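Chemist: how would this look folded up:
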Amino acid sequence: MLIIASFVVPHRTIDPWGLFNPYSLVRILLALTLLQVLSSLLMSYLRGPHAGLLLGFLGGLISSTALALSLSKQSQESSEDEARLLSLTYLGALLGTVVEAAVLSMIGSDQLNWRLQGVFLGPIVVSLWLVIWRARSIQKIQFQPDSIPTLSVKSVLSLGLIIMLFLAFSKVLQTYFGEVGQYYLTFLTCLFELHGSIIGNTQLLQNGTISAATTGNLFALGILASYLGKMTLVIAMGSRDFKKRIIKYTGWLSLSLIVAWLFASAALSL
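Modeler: Numbering: from 1, shown residues only. Have a look, this model is predicted:
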């Protein structure tokens, strides 16, 4: 459906405010769907002692929130060693989420700004470092049957709806609250759905509604909100040992995000 739509939808904005470009949206959703289909196929065949980390990364491409919820539930009946392994899978999911967000932000803009991608670099590097450092003596992770998120057409269509609502609300909030309204919208959206916000803000950058510097700020705020939203799920539903590990990892990742944002902001101001 998305491939067919990419040939028939207009290549220009169709709303009075110049915000919604159907072709750009279809192109991003198509790329996202291809990533998720590939992830689903790979997850069906993954085996071996390091499968848990790969499943975490690929699960993060589909839905890191759903995976965080499942891992939190599974941790309630796990030993300390199992909680350690589950926390590494959680880290893999966060890594997959941020990598996918970076890819979507590049696909969504005709003019790639490499300095803008610096916002994603800190969390990606630190996530990789934590996974490699903690996975030196990893064992096989046995997941419960419902732990791994599944891909569905409904999830893709829901994301498209979220993006359209995001663009609509962004115009309303900017009209009444100025640029501050966009920050509120991004934070609240990313507590539940990071990629919808990334795509929406990339569309606003592409249309000239917001600057590259503001987009970088919104990306950083969105990633931080995503971390906090998932950590809240873990605190509410995870085991004590799992909570301690995730809170510590979230702290490290948030610090890396702040440092990366500061460097990216300085570069964008030049």
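Chemist: average model confidence for the helix or strand hosting residue 257?
Modeler: According to DSSP states H and E, residue 257 maps onto helix 240-268. In this model, helix 240-268 carries a mean pLDDT of 92.
Chemist: likewise stretch 189-200?
Modeler: Averaging pLDDT along stretch 189-200 yields 84.
Chemist: CA atoms only: put that stretch into PDB for me.
Modeler: Provided in PDB are the C-alpha atoms of stretch 189-200 (Å, rounded to 0.1, in the frame of the first residue of the first chain):
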ATOM      1  CA  THR A 189       4.300  13.000  22.600                       C
ATOM      2  CA  CYS A 190       7.700  11.400  23.100                       C
ATOM      3  CA  LEU A 191       6.700  10.000  26.500                       C
ATOM      4  CA  PHE A 192       4.800   7.500  24.500                       C
ATOM      5  CA  GLU A 193       6.000   7.700  20.800                       C
ATOM      6  CA  LEU A 194       9.400   9.000  19.900                       C
ATOM      7  CA  HIS A 195       9.400   8.300  16.200                       C
ATOM      8  CA  GLY A 196       6.200  10.100  15.400                       C
ATOM      9  CA  SER A 197       7.600  13.300  17.000                       C
ATOM     10  CA  ILE A 198      10.900  12.900  15.200                       C
ATOM     11  CA  ILE A 199       9.100  12.600  11.800                       C
ATOM     12  CA  GLY A 200       6.800  15.400  12.600                       C
END
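Chemist: that older thread, list the buried residues in the helix holding residue 257.
Modeler: Residues of helix 240-268 classed as buried by neighbour count (16 or more other CB atoms under 10 Å): 241-243, 245-246, 249-250, 253-254, 256-257, 260-261, 264-265, 268. All C-beta spots, glycine's among them, are computed from the backbone N, C-alpha and C.
Chemist: kindly report the same for stretch 192-202.
Modeler: For stretch 192-202, the neighbour count (16+ other CB under 10 Å) marks 193-202 as buried.
Chemist: got CSV for those, with distance to residue 114 too?
Modeler: Shown next, in CSV, are the buried residues of stretch 192-202 (distance: CB to CB, whole Å):
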residue, distance to residue 114
193, 26
194, 21
195, 21
196, 24
197, 21
198, 17
199, 19
200, 21
201, 17
202, 15
